[in-house]
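> Quick one: sequence and predicted model below, then my questions.
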Amino acid sequence: NPPFVEYKEGIYEEYRQQLEQASTPLLTDIPQYNSSLMFLDASMHLLADGGKMCMIMPTAPLLYSGGDFRKVFFSTYQVGQVIDFTFLKNVLFNNARVATVAMFAEKKAPCGQDVLHLVAKHTLTNREKIFFEFDYYDFYSVPQNLASGSGDVWKANLMGGIRAFNILKKYGEYPSIKDYLTKRKREKGWVFGEGYQIGDASKPADYITGHLCVDDSTFDDDGTFNTYRVEEQRFQWPRKKLLYEPPHLLVKRTIGKKVIPVTLSDEYLTFKEGIIGIHSPESDREALQRLKDYLLENNTLLRFLIILRSNRAGKNRSIYTHYLADFMRLPYMPSGEGMTDEERLVVNDAVDYYFPYFDRITNLEMDEIINNPNELQDFGKVYCKALNAVYEDGRKKYWLSDIFEGPTSFVCVFSYTEAEPEPSLHDTGTDLQSLLEYIGEDYVIKRVVRAYTEHSIVMIKPRQRRYWLKSMALRDADETFNDIMSRGNE
């Protein structure tokens, strides 16, 4: 567990030169001069060929940061697995709140094998540090080329895996809000950016001092806020006066509790760096209104994209705060393609169920026990719809035909028939917990069972809600396709 320190440039250069003199040079430049990455890099020199090591590392600089370090390291050494403790950052360490991973590496050239990404969730046993508990859906295989790539794949696995990754990839190809604003700045004289910073208070700004300022702590999801008079006389970064002049769109630098807080103001208002301002000439006010409407109408998707792309939100800071750059690279597609039904299921479940995993410790809906078996019918409809897109043959389709309820699990039977049956409810007659648990020395893995017959698929899972989300039905369908194709190749 190396120190998590960001060195100053001079200290970093001194250490770098010492490593070179010791004939153990760094592979490449270290992002943010991060000490833990320097330890990881230097430690590989201490291993014998084929030797293995494990280090506890901060998540963001290793998996999400820019630069070449991740690409070079993953291309030089064999990384076997990464155990991700991002969701446990509030409970794993007593005196620190930092997202971490356990990195397993071997001193040999990579063999092209996928990297196992194992995501630890907020289970009671994990929170209380009794033993590690994982379930079937916590295991992700990351191809070597993606593991060393942009970092999006690691973030997507926190929200459900490949379908979340494909959504990130799709909307990353659209023009961004920054592209749009830069064009408007060039053609129409728009001004945009964060509000003022006091900092070292070296510059006077009479267009801020004495004027009304937005109290960003009161800037709510509905776009309302309180104001106060600025008393400070000097500022480190006062910004341009035009930023505070109306009309201007004010966007709080947060995803909000339910909605990104945004308002279109016709008043002269100053604001601090926690708010993003976008000013236009009066003749362009309608364009500002369209941008506001776009942010609100696409709120769920945009909040999802911010969380997955941000190196700040939910990683080392609260899920509700992010960088200016995270907002600016959101897609702006006022007349573009919307989400598909399947994308909407993934995004909605991420926002409703996965987001709380970043900040809350208890009372998580994902971990609730489903008491009414009829709630599984929505899962069944999504699962069968995905299967029937491929396997519907004339009038024959997959339908949810039977639900068996047990003390710790549900058994769902999906039958391939012509007529849609009314799902029948049954009792399993026994507890299947031993079938669904693999108990190791200091960990437990919760299993999922899928069994196939000629005309039916049987699925057995624990009763917790996280196993029966609609987005999980899509993942089950994807893996069912893989199962069937694998059987066909046997």
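Nice, I can see it.

> Quick one: neighbours of Leu27, just the number.
By other CB atoms under 10 Å, 18 other residues sit near Leu27. Where you see a C-beta, it was placed from the backbone N, CA and C, and this is true even at glycine.

> Let me see the contact set for Glu232.
198, 201, 208-209 (CB atoms under 8 Å, 6 or more residues apart in numbering).

> Please apply the same query to Pro331.
The contact partners of Pro331, by CB under 8 Å, 6+ apart, come to 171-172, 174-177, 305.

> Just list whatever residues bridge to it.
For Pro331, the beta-bridge partners under DSSP bridges are Ser176.

> Glu454 versus that one, what's the distance?
Distance, Pro331 to Glu454, by CB to CB, to the nearest Å: 45 Å.

> show me where pLDDT drops low in the chain?
Across the chain, the ranges flagged by pLDDT under 70 are 123-130, 312-319, 336, 360-363, 488-490.

> Sort out which residues of the longest helix seen in the chain are buried, please.
If each helix of the chain is counted by residues according to DSSP state H, the longest one is helix 470-488. Residues of helix 470-488 classed as buried: 470-477, 480 (neighbour count, 16 or more other CB atoms under 10 Å).

> could you redo these as CSV and give each row distance to Pro3?
Converted to CSV, the buried residues of helix 470-488 look like this (distance: CB to CB, whole Å):
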residue, distance to Pro3
Lys470, 43
Ser471, 38
Met472, 39
Ala473, 44
Leu474, 42
Arg475, 38
Asp476, 42
Ala477, 45
Thr480, 46
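
> Return the closest of these with respect to Gly274.
For these, the residue nearest Gly274 by CB to CB is Ser471; the value is 32.0 Å.

> And for the closest one, nearest residue in space, chain neighbours not counted?
Spatially, and ignoring its direct neighbours in sequence, Ser471 is nearest to Asp349 (3.9 Å; CB to CB, 6 or more residues apart in numbering).

> so what's the residue nearest to the spatial centre of the chain closest to, chain neighbours aside?
Centrality entry for the chain: nearest residue to the mean C-alpha point is Leu308, 3.3 Å, by CA atoms, centre = their mean. Nearest residue to Leu308, sequence neighbours excluded (CB to CB, 6+ apart): Lys155, at 4.7 Å.

> That neighbour reaches Arg309, doesn't it?
Yes - the pair Lys155 / Arg309 is scored as a contact, 7.0 Å apart, by CB atoms under 8 Å.

> anything in contact with each of those two?
Common contact partners of Lys155 and Arg309 (CB under 8 Å, 6+ apart): Leu168.

> quick one on the thing from earlier: which other helices and strands contact the longest helix of the chain?
helix 162-171, helix 341-349, helix 376-391, strand 449-452 (3 or more CB pairs under 8 Å, 6 or more residues apart in numbering; DSSP states H and E).

> quick one, that helix and helix 341-349 angle?
Calculated by axes from the mean of the first three to the mean of the last three CA atoms, to 10 degrees, helix 470-488 forms an angle of 130 degrees with helix 341-349.

> Touching helix 470-488 from outside, list them.
The contact list for helix 470-488, computed with CB under 8 Å, 6+ apart, reads 137, 160-163, 342, 345-346, 348-350, 378-380, 382-383, 386-387, 390, 448, 450, 452, 457, 459, 466.

> ok, 6 Å please
Residues outside helix 470-488 that contact it (CB atoms under 6 Å, 6 or more residues apart in numbering) are 160, 342, 345-346, 349, 379, 382-383, 386-387.

> Next: stretch 239-253.
Counting by CB under 6 Å, 6+ apart, residues outside stretch 239-253 touching it are 191, 196, 207, 219, 261-268, 270, 274-279, 285, 288, 292.

> Return a ChimeraX selection command for the buried portion of the residues you listed.
This is the ChimeraX syntax for the buried subset of these, where burial follows 16+ other CB under 10 Å:
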select :191,196,207,219,261,262,263,264,265,270,274,275,276,277,278,279,285,288,292
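
> For Gly10, give its distance to Thr24.
In terms of CB to CB, Gly10 sits 20 Å off from Thr24.

> ok, the two, which is more surrounded?
Neighbours were tallied for Gly10 and for Thr24 using other CB under 10 Å; the higher tally belongs to Thr24 (14 against 9).

> how about that one, what does it touch?
Contacts of Thr24 by CB under 6 Å, 6+ apart are 42, 45.

> Just give me the neighbour total for Pro369.
Slight slip there: residue 369 is Ile, not Pro. When neighbours are counted by other CB under 10 Å, Ile369 registers 9.

> these two touch, right, it and Pro462?
No - contact criterion CB atoms under 6 Å: Ile369 and Pro462 do not qualify, at 8.8 Å.

> so what sits against both of those two?
In contact with both Ile369 and Pro462: no residue, using CB under 6 Å, 6+ apart.

> measure the closest residue to Gly274 other than its chain neighbours to Thr321 for me?
Using CB to CB, 6+ apart and skipping the chain neighbours, the partner closest in space to Gly274 is Asp216 (4.2 Å). Distance, Asp216 to Thr321, by CB to CB: 11 Å.

> between the two, who's got more neighbours?
Using other CB under 10 Å, the more surrounded residue of Asp216 and Thr321 is Asp216, with 19 against 16.

> and that one, how far is that from Phe358?
Separation of Asp216 from Phe358 (CB to CB) stands at 21 Å.

> what does Lys188 give?
For Lys188, the distance to Phe358 - CB to CB - is 38 Å.

> Tell me which of the two has more neighbours.
Neighbours per residue, other CB under 10 Å: of Lys188 and Phe358, the larger number sits with Phe358, 21 against 12.

> Got phi/psi on the more buried one?
Here is the backbone geometry of Phe358 (degrees, to the nearest 10): phi -70, psi -30.

> So it versus Arg466, what's the distance?
15 Å.

> same question, Phe104
26 Å.

> Looking only at neighbour counts, state which of these two leads.
More crowded of Phe104 and Arg466, by other CB under 10 Å: Arg466, with 21 against 17.

> close enough to count as contact, that one and Glu365?
No - counting by CB under 6 Å, Arg466 does not reach Glu365; the two are 8.7 Å apart.

> Which residues does stretch 401-418 contact?
For stretch 401-418, the external contacting residues (CB under 6 Å, 6+ apart) are 373, 376, 395-396, 398-400, 421, 423-426, 428, 431-433, 436, 455-460, 462.

> how distant is it from the center of its chain?
Relative to its chain's centre, stretch 401-418 lies at 32 Å (CA atoms, centre = their mean, to the nearest Å).

> same check, this time on stretch 377-387
How far stretch 377-387 lies from its chain's middle: 25 Å, per CA atoms, centre = their mean.

> which residues touch that stretch?
For stretch 377-387, contacts defined as CB under 6 Å, 6+ apart pick out 398, 400, 468, 470, 473-474, 476-477.

> how about those in CSV, adding distance to Gln32?
Below are those laid out as CSV (distance: CB to CB, whole Å):
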residue, distance to Gln32
Tyr398, 50
Leu400, 50
Trp468, 41
Lys470, 39
Ala473, 40
Leu474, 37
Asp476, 40
Ala477, 41
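
> Quickly check those for the two that are furthest apart.
Tyr398 and Trp468 (16.9 Å).

> Leu27 is in contact with Val72, correct?
Yes - counting by CB under 6 Å, Val72 touches Leu27, with 4.8 Å between them.

> Compute the number of surrounding residues for Gly66.
Per other CB under 10 Å, the neighbour tally for Gly66 reads 11.

> backbone phi and psi for it, please?
Here Gly66 shows phi and psi, under degrees, to the nearest 10, equal to phi -80, psi -170.

> so how far is Gly151 from it?
Counting by CB to CB, the gap from Gly66 to Gly151 is 8 Å.
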